[in-house]
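J.: please find the sequence and the predicted model below.
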Amino acid sequence: MTEAPQTALPAAGRVRWTMIWLSFGAVTINYVDRANLGVALPYMTHEMNLSKTATGLLLGAFFWTYAAFLPGAGWLVDRFGPRRMMAFALLAWSVATICVGMATGFLVLLLMRLLLGAVESPAYPSCSQVVGRWFPVRERAMAAAIFDSGGRAGTAFALPVTAAVIAFLGWRGSFFAAGAVGLIYSAFWLRYYRDPDTHPGLSSGERDYIRDGGAQPSTQSEPPMAWRQLFRHRTVWGMVLGFFCLSFVLYFFLTWFPSYLVDERGFDLLKLGFLGMLPALLAVPAQWYGGWLQKRLVDRGRSVTYARKFPIVTGLVLSSVIVLAGVVENGYLALALLAVSQSALCFAASSLWALPVDVAPSPANVGSLAGIQGFASNAAGFVSPLVVGALLDAFDGSYVVPLTVAGGMALLGALVYGFVIRSLEPLGKQAPARAGGPATTSSNTTA
């Protein structure tokens, strides 16, 4: 059971941290490519004459295919492993990003965004498998926080760098540059990433530390649980519904946030590039702190359930301050509130990509559970920008109602994680499902 506190063993070697920082780099590039459109949109709309609703469709289109392909991508990661699947994803999404820069009209742009979403889908399931294979239970949340914080770093990096590239090369040049970086990194990943069983630089001491701490083997000896059985457990439904709520808020920052600063607060290109990156930059250490805190809680004897759920619930509650950003008059105060909100969201998200490893009944289910959870997250990714765009058109461009809706979703997510998920242990050790309903857990442990 993952509920048992882990004995602190002396770590011999640091190769596992190199692997997770490689994953961080891949996710950073992933998010630069995603966020590129959000930064470029204020300048693309003049050329393509896009309405707010059409803009919302473009921002959301990526997530239609990304969400739809994630469950299958998770299965492929379980089948072929993170090394091959991440390399494929990097190569494919870099080509798709370059194609976005070649778009000549709304329809072509829409199709390229759909393609980009499809080929980015193996990234996060691959990273979850890296966490499961390389890290003991006590370090999983920290490892997950590091690779997932690449999303915040990529979003922050995209703002000043993309703005600078647009200033010199135009918005199309920003997509060409981002795609070129991804192509180079795909070769870098293939050269340096290996699983623990095959890594030539891994010492026997670190290998024992990883294995004895509860890391999952690279070779699968246990048969996976069937998907229909996974959905009999309320823990899975809690992961799905809770991640949807958190991501509904988080994807405002990835999609509409640059337009909010330009249209609502009057930020010019310089302010957008440098002040606009502050919320995402502050969110990175907040997410790392969440991962560190969970390690400390487990080391001090707290259950894995408590250690995971505490930052999730408290972070989501605090992130609801996004509501106030829609009503304050001062633009810099609004930016500060948004920085608090995004940091709190990422503090909450520090353990979310460790959950598939914690609850997987077999190592062969980790990628699948990550894909299922990721589907819910990115379903919010295409619902959120579309809802915000429609509300902006309905309320004459005012952000008050969209930000109020986002704050309500944050509070709903806190309730889901707090009460729907009861304990975090392998699904195979949970009590059998009641007739017709989700399975309950064998433990009454709660946060």
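T.: In hand now; what should we look at?
J.: please, which helix or strand holds Cys346?
T.: The secondary structure element spanning Cys346 is helix 331-348 (assigned by DSSP states H and E).
J.: after that helix, which helix or strand is next? Please name it.
T.: Taking DSSP H and E as the definition, the helix or strand right after helix 331-348 is helix 355-359.
J.: list the helices and strands that following helix packs on?
T.: For helix 355-359, the contact count by 3 or more CB pairs under 8 Å, 6 or more residues apart in numbering; DSSP states H and E identifies helix 123-134, helix 137-192, helix 234-255, helix 304-319, helix 366-394 as packing neighbours. To be clear about C-beta, it is placed using only N, CA and C from the backbone, and glycine gets the same treatment.
J.: list the buried ones in it?
T.: Leu355, Pro356, Val357, Asp358, Val359 (16 or more other CB atoms under 10 Å).
J.: okay, now the unreliable bits of this protein?
T.: Low-confidence segments of the chain, defined by pLDDT under 70, span residues 1-12, 218-222, 268-270, 272-274, 428-447.
J.: residues contacting the spatially most central residue of it?
T.: In the chain, the C-alpha nearest the mean C-alpha coordinate belongs to Asp148, at 5.5 Å (CA atoms, centre = their mean). If you count contacts by CB atoms under 8 Å, 6 or more residues apart in numbering, Asp148 has them with Val27, Cys127, Gln287, Cys346, Ala349, Ser350, Leu352, Trp353.
J.: how about a cut-off of 10 Å?
T.: Contacts for Asp148 were tallied using CB atoms under 10 Å, 6 or more residues apart in numbering; they are 23-24, 27, 124, 127-128, 131, 284, 287, 290-291, 346, 349-354.
J.: which residues does the residue lying closest to Leu116 once chain neighbours are set aside contact?
T.: Excluding its sequence neighbours, the residue lying closest to Leu116 (CB to CB, 6 or more residues apart in numbering) is Ala96, at 4.2 Å. Under the criterion of CB under 10 Å, 6+ apart, the contact partners of Ala96 comprise 33, 62, 112-120, 175, 179, 182.
J.: again, only using 6 Å
T.: The contact partners of Ala96, taken as CB atoms under 6 Å, 6 or more residues apart in numbering, are Leu115, Leu116, Val119.
J.: pull out the buried positions in stretch 202-221.
T.: When neighbours are counted by 16+ other CB under 10 Å, the buried residues of stretch 202-221 are found to be Leu202, Glu206, Arg207, Tyr209, Ile210, Gly213, Gly214, Ala215, Gln216, Ser218.
J.: CA atoms only for stretch 283-301, dumped as CSV, please.
T.: Provided in CSV are the C-alpha atoms of stretch 283-301 (Å, rounded to 0.1, in the frame of the first residue of the first chain):
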residue,chain,number,x,y,z
ALA,A,283,4.0,29.5,-10.0
VAL,A,284,7.1,27.4,-10.7
PRO,A,285,8.6,27.6,-7.1
ALA,A,286,5.0,27.3,-5.7
GLN,A,287,4.7,24.0,-7.5
TRP,A,288,8.1,22.8,-6.3
TYR,A,289,7.2,23.8,-2.8
GLY,A,290,4.1,21.7,-3.0
GLY,A,291,6.2,18.6,-4.1
TRP,A,292,8.7,19.3,-1.3
LEU,A,293,6.0,19.7,1.3
GLN,A,294,4.5,16.3,0.4
LYS,A,295,7.9,14.6,0.8
ARG,A,296,8.3,16.2,4.2
LEU,A,297,4.8,15.1,5.3
VAL,A,298,5.4,11.5,4.2
ASP,A,299,8.8,11.5,6.0
ARG,A,300,7.1,12.7,9.2
GLY,A,301,4.6,9.8,9.2
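J.: from Asp33, how far out is Ala167?
T.: As for Ala167, its distance to Asp33 is 19 Å (criterion: CB to CB, to the nearest Å).
J.: the two: which is more packed in?
T.: Asp33 (26 against 14; other CB atoms under 10 Å).
J.: so that one touches Ala178, yeah?
T.: Yes - using CB atoms under 6 Å, Asp33 is in contact with Ala178, at 5.2 Å.
J.: next, format the buried residues of helix 355-359 as JSON lines and append distance to Arg232.
T.: As requested, the buried residues of helix 355-359 are exported to JSON lines (distance: CB to CB, whole Å):
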{"residue": "Leu355", "distance to Arg232": "17"}
{"residue": "Pro356", "distance to Arg232": "17"}
{"residue": "Val357", "distance to Arg232": "20"}
{"residue": "Asp358", "distance to Arg232": "18"}
{"residue": "Val359", "distance to Arg232": "13"}
